[in-house]
Structure formats: C-alpha cells, structure tokens
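Asks: sequence first, then the predicted structure, then my questions.
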Amino acid sequence: MTDKEKAWIIKLQMIQLQSENPRLDDYYYQEYFRKLERKLSEMELGEKWTREPQKLVTPYVQKAEMYDSVVHIKGSLGQVAVSTCYSPRRAIDVVHLSAPEEMYKRLLALGEMETQLLSLPEEEMLGYRELKERQLGDIFRMLYLGSEGEDPWFFRILRVRKGVQLLARLLPMFQPPHCADVLASIASFLRSSAEDNLDESLSPLFPSLMLAIPGLSFPQLLASLAALTRGCEASLQRLLQSKFTISYLYALLSHGGTLLSLVCPARDDLKKWTDLVFVVARELSLIPESDLAEPLELPSNLLPLFCRHLHPQMAHRLQGKILSRVSVPSPPADP
C-alpha cells in the first residue's frame, strides 16, 4: 500500500474515535501514554532521549446543541435537506414516538448524564443530580399515563418484553416513594392478569424487584401485599401456581419479617400484617402440593416467619410443603 492509502485508512479509523471527552471515553489508552510519558521524562534526567513514542491522538469533536435538519432559503418554495457524515438526516424527526420509545430515549439520556457526572467537579454535580431526579420523575409520570379504566397503561407495558426490560432498568433508579408505587402496581397487575405465561415474560424483572423491596417501609410493604392477595381464594391459589408471583410474595413476606425485627409498627399495621400472613398461610395449606410453584428464590427467614405466627402443627405442614417445591442441588459425582 502507498503512504497515501495508509493515511486514508488511518483517517477513516480515527473518525470513529471522535469524542467530546477523550480523557473519559478513551481512559485506558490516555492513562497508558500518560504513564509512559512520565517514565520517559524520568529517563531524560539521566541521559538524552531522542525517540518519541508513537501516539494516536483521539480526535475531539464538539457536538452541536441545536441541529437544523433543513436549510431555509429566502424566496424558495421548498426546503433543502442537510445531511453529512457528522450530522446525518434524522428520520426520527418526522416519526411520532410511542411512550415506551420516549421513555427509552430519556433513559439513554440519563445514561449519558451519569457518564458526564464522572468527569465533573464536585460543585457542579448537584445541578446534574437535580436534573436527573426531574427526568426520572417525568418518566415515572409517563408510566401512569391513562391509568384509569380496566386496562391501565402500566399493565400494557408489562405485557410486552421491551416494557418489562425498560421497567427492570428503571426500578433501581427510582426514589423509594416511586419504587413503592411501582411495586404495588406490579402486584395489582399479577392479581388481575389472566395470562398463564407470565413467568417467562416477567423473569427479567425479578432481580430489580429484589433490589427495590428492601427499600419499602412497613406501610408500603402492606400496600403491596394487600394488592397481591386481595380478591377471591381461587384468584390467590392461581397466583401460587406462578413461579414469578410466588417468588414476589415470598420476598415481600421475608422483608416484612426483617422489618419486624428492626422496628415496632403501629398496632393497626401489625394487625393488617398478621391477617395477611394468615391469608397466605391458609391458601398455601389448601393448594395441592403438585400445583404449588417452585420459587425462583426461597428467603432464609420465610419458614421461621410462619413458625412465629402460626400454630406449630400448621407451620410444620407448611414447611414440608414449601421445601418439597424447592430444588435441591444434586451432590457431586464420586471421582
């Protein structure tokens, strides 16, 4: 290859490295050469060092805050579209974004904001954090657009995979009050949904639930439990046949037991909690063992919780039924 061809290929490759913040986006490369240059400087103190290390300079490109997709020519009947390799024509300008797409767009903007926070001085971080909270508040309100009626918008989001993945990413970012509202809404969805394939579609949401549940206060926990268990006995027994739902129920009960060991709730809240534990225990005892779902995770304090609130004989029966539905890893084979 000629030198001109080599330079052309290098130029094409370097265009892809354009960045507003090379120090942040290309950290390891920049840090490597910083240490190398310091080492060479130390060597020059003892002897002359004439050879310079080869270094690719990451091109710096300042993104425009505003972008005009057309050029307005005075006296013309039309508009000329503008598109370059740096500013391609934005087809999305003429497309109306749906609510999930708009929330994803804002979520990506939050990700970029988090990246910028890493390079900001401490005094400027407060303004960015406030902006982040406002953006999260807007996304939260979008989740509950058109919440009236038998089929709220929040329920429709949980019926599609993209909506579940979106909620799984958002839930750990929400403030505790918003988290509590989302968890109660998920419980209402599980209770009212008549679909049978929820385990597979909602499984990506379970790790985020496990991160959000420990942030619930005792009244917020009671609200989610009541939303999940409210209704007829047949409805609750149907929920006990779902892996995702029974795992969510066990996690809520487990957190309730943890809170009781740390705080002393109000008398009314304690009565509601006891009633809810009795309702769950009664339905667990009535459902056939073969119909009881295997939980995704069994909390370690769940069985002691039942022993504390129930008659020993009933607690012993529940313990045997619950443990029978938990997979026990097989012992390793003998060499």
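Replies: Yes, it's here.

Asks: shaky segments in the stretch 101-250 of the chain?
Replies: For the stretch 101-250 of the chain, the stretches with pLDDT under 70 are 145-151, 194-196, 231-234.

Asks: what does the longest helix seen in the chain contact?
Replies: Identified as the longest helix of the chain according to DSSP state H is helix 122-143. Contact with helix 122-143 is made by 99, 102-103, 106-107, 109-110, 113-114, 116-117, 120, 153-154, 157, 167, 170, 173-175, 178, 181-182, as judged by CB atoms under 8 Å, 6 or more residues apart in numbering. C-beta: built from backbone N, CA, C; applies to glycine.

Asks: what about that helix, distance to the chain center?
Replies: Offset of helix 122-143 from its chain centre (CA atoms, centre = their mean, to the nearest Å): 16 Å.

Asks: name the next helix or strand downstream of it, please.
Replies: From helix 122-143 onward toward the C-terminus, using DSSP states H and E, the following helix or strand is helix 153-158.

Asks: could you say what helices and strands that following helix packs with?
Replies: The contact analysis (3 or more CB pairs under 8 Å, 6 or more residues apart in numbering; DSSP states H and E) places helix 153-158 against helix 99-117, helix 122-143, helix 161-170, helix 176-192.

Asks: now the angle between helix 122-143 and the first one, please.
Replies: It stands for helix 99-117. 170 degrees (axes from the mean of the first three to the mean of the last three CA atoms, to 10 degrees).

Asks: helix 99-117 packs against which elements?
Replies: helix 122-143, helix 153-158, helix 161-170.

Asks: and if we set it to 10 Å?
Replies: helix 22-25, helix 122-143, helix 153-158, helix 161-170 (3 or more CB pairs under 10 Å, 6 or more residues apart in numbering; DSSP states H and E).

Asks: same check, this time on the last one
Replies: Contacting helix 176-192 under the criterion 3+ CB pairs under 10 Å, 6+ apart are the following elements: helix 122-143, helix 153-158, helix 161-170, helix 198-202, helix 206-212, helix 218-229, helix 233-239, helix 243-260.

Asks: can you redo the ones you listed as a markdown table with mean neighbour count and distance to residue 272?
Replies: Shown next, in a markdown table, are those (neighbours: other CB atoms under 10 Å; distance: least, CB to CB, whole Å):
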| stretch | mean neighbour count | distance to residue 272 |
| --- | --- | --- |
| helix 122-143 | 13 | 26 |
| helix 153-158 | 18 | 24 |
| helix 161-170 | 18 | 27 |
| helix 198-202 | 18 | 26 |
| helix 206-212 | 18 | 21 |
| helix 218-229 | 20 | 5 |
| helix 233-239 | 16 | 16 |
| helix 243-260 | 21 | 11 |
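
Asks: list the contacts of the closest residue to residue 324 other than its chain neighbours.
Replies: The spatial neighbour of residue 324 that comes closest, neighbours along the chain excluded (CB to CB, 6 or more residues apart in numbering), is residue 289 at 6.0 Å. Taking CB atoms under 10 Å, 6 or more residues apart in numbering, we find residue 289 in contact with 320-322, 324-325.
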